[in-house]
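**Student:** have a look at this prediction, sequence included:
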Amino acid sequence: MSSFTLSLKLPPLLSLSPPPSAQLLNSNFSPLSLNTRILRATSRRFFGAVEVSSRIISTMETDKESIGSLKQQLAKLFEESLRAAFPDISDVQPLVAICNDTKNGDYQCNNAMSLWNKIKGKGTQFKGPQPVGKAIVENLPASDMIENCSIAGPGFINIVLARQWIAKSVQKMLIDGIETWAPKLPVKRTVVDFSSPNIAKEMHVGHLRSTIIGDTLARMLEFSNVEVLRRNHVGDWGTQFGMLIEFLFEKFPNWEAGSTPAIGDLEAFYKASKQRFDSDPDFKERAQKAVVSLQGGDEKYRKAWAQICEISRKEFQKVYERLGVHLEEKGESFYNPYIPKALELLNEKGLIEESEGARVIFIEGKKIPLIVVKRDGGFNYASTDLTALWYRLNEEKADWMIYVTDVGQREHFEMFFSAAKRAGWLPSNENDYPKASHVGFGLVLGEDGKRFRTRSTEVVKLVDLLDEAKSRCKLALEERGKAKEWTAEELDQTAEAVGYGAVKYADLKNNRLTNYTFNFDQMLSDKGNTAVYLLYAHARICSIIRKSGRDIEELKKSGAMDLAHQDERMLGLHLLQFPEIVEEACTNLLPNLLCEYLYKLSEDFTKFYTNCQVVGSAEETSRLLLCEATALVMRKCFHLLGITPVYKI
Ligand SMILES: NC(=[NH2+])NCCC[C@H](N)C(=O)O
């Protein structure tokens, strides 16, 4: 987080980007396409001067049409049935959920009770919720999806899916590809604002969490055919640059001579300049003037600023490269020229008030207002975020803005989201689009239960952390004799995939809001809910298929799947639930749901493999296909979690 000193009265001379113009405001993207649907017209958004009160979102057209999740397909059947059985009652949404107790069925439909409450005492022919449930079942359209339905208690409809349908659906996915299992989401374009470290400061474990969680969310949304703008909102603007630049001039008089100054440890550079700033009034004065020169667009100062940013960027890039994470930088400085305009729009709505010399926005339920212009006339974190939100809505035409930061910043997000709602930029109903969501996460703790630190430094160097995970994995593989079996490249790649995967998974498997303890031994164990265990489970399945000597591509087309054994059926059903888990993980912004699903999948596979012989059995073809489908879904899970799968162990 940085603070800003550019006064509202000064023209934004640092033209890193063009100021908003009428032409830009109505730019490039037309949300209309053949396949459009209009979501509830709730929001009042502006495009320049024109206010629109409806939100039009088009459904992405994909090569192979996604069929929607199992739950969605069931819901569709029940929706038809509800309409047929109760034509007079409008707007009844089918309530379909997974059965908690698999003894009762696979899914259940829970509409009967609430429907009964709606119609009772109004001259209905029905005598209670049970007959209502019965009518829903009787009106179900013909489908090979459902084996049978039974009614329990006050009208709960328990649904058992047809085994053949499960088998057929899994096989169809094997042929058509897992993309056909992409969930359908009611959004077209999202901004995922993640990682976002601060220039000249060390990227800490919090930023690592943000990077890992944000990347997974982006991947899940991308898989769901949502366009994702992966934004790195780096802290590259603010008063601290005055002192950093002056310190650069002082310590590296030849900084301009082409080669990047050997600043080395940026954190130390930052600290040393801060110390200088605090102890030397002369330096302080120069630093303050430097801010004005920088923000006034002085060439020399801008160059120094750019150079400091570049050094940081290179450091950040080392982490991103290791993690295989791609981001597009649009830092705080990018939005700076737009701030006066955005504040003017808020002012026109009567939102901005004067308070103790600052300009603020009062938020209902909050004692302290949101400061948007500081007492010295400077902008701050909040003015930038409000402006970035405005930009994302109006310039980038995003439907959903997702911000991944530690929970400590929750208040900040709540405040400026509320301000945006007051301004009519966002709808007041949380469920309507365009939407802004803060994805908060807890702390990473060390073994001592305190904030994670290494012995030598205050913050953990992320690159070292990742390298250690990799080298520990390499050692474990060598101990298992892999150095003799594999090429050096294979050994290195596997160690990297497992090591980095382990760090990511240890983070992602927890509900993000909880704190978690960073422990190499635990995350690199091949037992329990770890990436190592899961990656090995996947490799084992691949080896079963390889050792069978059968041509899987051929089997997909010619062989038939039949899930006669109960454990085969359960595994098949679990596979089919993949799309709805991704959908739920996206909708609730909870990657741990996908981890839970993946772990359960490997458990279901183990159960199946323990109880059903694969190679050499009468059911070999069907069971090999089931192995292939499991491996495929596991790989997709790994991919969505940003983990590279391994094929042999
Ligand atoms: N739009 C945002 N506020 N994104 C998050 C920025 C995170 C901030 N740079 C930090 O390190 O805490």
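**Tutor:** The structure has been received and is ready for your questions.

**Student:** E267 touches M203, doesn't it?
**Tutor:** No - the pair E267 and M203 does not pass the contact test of C-beta atoms under 8 Å, sitting 9.9 Å apart. From N, CA and C alone the C-beta is placed, and that goes for glycine too.

**Student:** okay, these two: which has more neighbours?
**Tutor:** Counted by other C-beta atoms under 10 Å, E267 and M203 do not tie: M203 has more neighbours, with 27 against 18.

**Student:** contacts only, for that one.
**Tutor:** With contact taken as C-beta atoms under 8 Å, 6 or more residues apart in numbering, M203 is in contact with 195, 197, 315-316, 319, 462.

**Student:** what strand or helix carries it?
**Tutor:** When elements are assigned from DSSP states H and E, M203 belongs to no helix and no strand.

**Student:** near the ligand too, which of the contacts of M203?
**Tutor:** Taking C-beta under 6 Å from any ligand atom as the test, the ligand is in contact with P197 out of those.

**Student:** just the ones of the contacts of M203 in helices?
**Tutor:** In helices, defined here by DSSP state H, the members of the contacts of M203 are 315-316, 319, 462.

**Student:** contacting residues for L389?
**Tutor:** With contacts taken as C-beta under 8 Å, 6+ apart, L389 has the following neighbours: 401, 416, 420, 425, 436.

**Student:** one more pass at 10 Å, please.
**Tutor:** Neighbour list for L389: 191, 193, 335, 342, 398, 401, 403, 416-417, 419-420, 423, 425-426, 434, 436 [criterion: C-beta atoms under 10 Å, 6 or more residues apart in numbering].

**Student:** what residues does this protein put near the ligand?
**Tutor:** Applying the criterion C-beta under 6 Å from any ligand atom, the portion of the chain that neighbours the ligand consists of 1, 193, 196-198, 233, 235, 385, 388, 403, 405.

**Student:** mind doing that once more with 8 Å?
**Tutor:** Taking C-beta under 8 Å from any ligand atom as the measure of proximity, the chain contacts the ligand at 1-2, 193-194, 196-198, 201, 206-207, 210, 231, 233-235, 332, 381, 384-385, 388, 403-406, 409, 412-413.

**Student:** figure out how far whatever helix or strand F249 lives in is from the centre of its chain.
**Tutor:** F249 is located in helix 240-251, with elements delineated by DSSP H and E. Centre-to-centre, helix 240-251 and its host chain are 37 Å apart (C-alpha atoms, centre = their mean, to the nearest Å).

**Student:** what helices or strands is the helix or strand just after that helix leaning on?
**Tutor:** Counting by DSSP H and E, the next helix or strand C-terminal to helix 240-251 is helix 266-279. Other elements packing on helix 266-279 under the criterion 3 or more C-beta pairs under 10 Å, 6 or more residues apart in numbering; DSSP states H and E are helix 240-251, helix 281-295, helix 299-323.

**Student:** what angle separates helix 266-279 from helix 299-323?
**Tutor:** With axes from the mean of the first three to the mean of the last three C-alpha atoms, to 10 degrees as the criterion, the two stretches helix 266-279 and helix 299-323 enclose an angle of 140 degrees.

**Student:** quick one: buried residues of helix 266-279?
**Tutor:** Using 16 or more other C-beta atoms under 10 Å as the burial criterion, the residues of helix 266-279 that qualify are 266-267, 269-270, 273, 276-277.

**Student:** if we can go back for a sec, who wins on neighbours among the ones in helices among the contacts of M203?
**Tutor:** Ranked by the number of neighbours (other C-beta under 10 Å), the ones in helices among the contacts of M203 place L462 first, at 23 neighbours.

**Student:** which residues touch that residue?
**Tutor:** Under the criterion of C-beta under 10 Å, 6+ apart, the contact list for L462 reads 197, 202-205, 207-208, 211, 315-316, 318-319, 322-323, 503.

**Student:** apply 8 Å and report the result again.
**Tutor:** Residues touching L462, when contacts are defined by C-beta under 8 Å, 6+ apart, comprise 203-205, 207-208, 319.

**Student:** likewise for L573?
**Tutor:** Contact analysis of L573 by C-beta under 8 Å, 6+ apart lists 106, 161, 166.

**Student:** cool, and P154?
**Tutor:** P154 makes contact with 112-113, 116, 128-130, according to C-beta under 8 Å, 6+ apart.

**Student:** try W400
**Tutor:** For W400, the contact set (C-beta under 8 Å, 6+ apart) comprises 187, 189-191, 433-437.

**Student:** and it, what are its bridge partners?
**Tutor:** Using DSSP bridges, the bridge partners assigned to W400 are T190, K435.

**Student:** domains of this structure: list them as residue ranges, please.
**Tutor:** Per the record, the chain has its domains at 70-161, 239-325, 462-641, by the TED database.

**Student:** low-confidence ranges, the stretch 451-600 of the chain, go.
**Tutor:** Within the stretch 451-600 of the chain, the set of residues satisfying pLDDT under 70 comprises 454-460.

**Student:** which stretches in it count as strands?
**Tutor:** Along the stretch 451-600 of the chain, the segments classed as strands by DSSP state E, counting those that start in this stretch run 516-517.

**Student:** can you put the domains of the chain in JSON lines and add distance to T180?
**Tutor:** Listed next are those as JSON lines, based on distance: least, C-beta to C-beta, whole Å:
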{"stretch": "domain 70-161", "distance to T180": "12"}
{"stretch": "domain 239-325", "distance to T180": "25"}
{"stretch": "domain 462-641", "distance to T180": "9"}
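
**Student:** related to what we said a few turns ago, if you rank the contacts of W400 by neighbours, which is first?
**Tutor:** Going through the contacts of W400 with other C-beta under 10 Å as the criterion, the one with the most neighbours is T190, at 28 neighbours.
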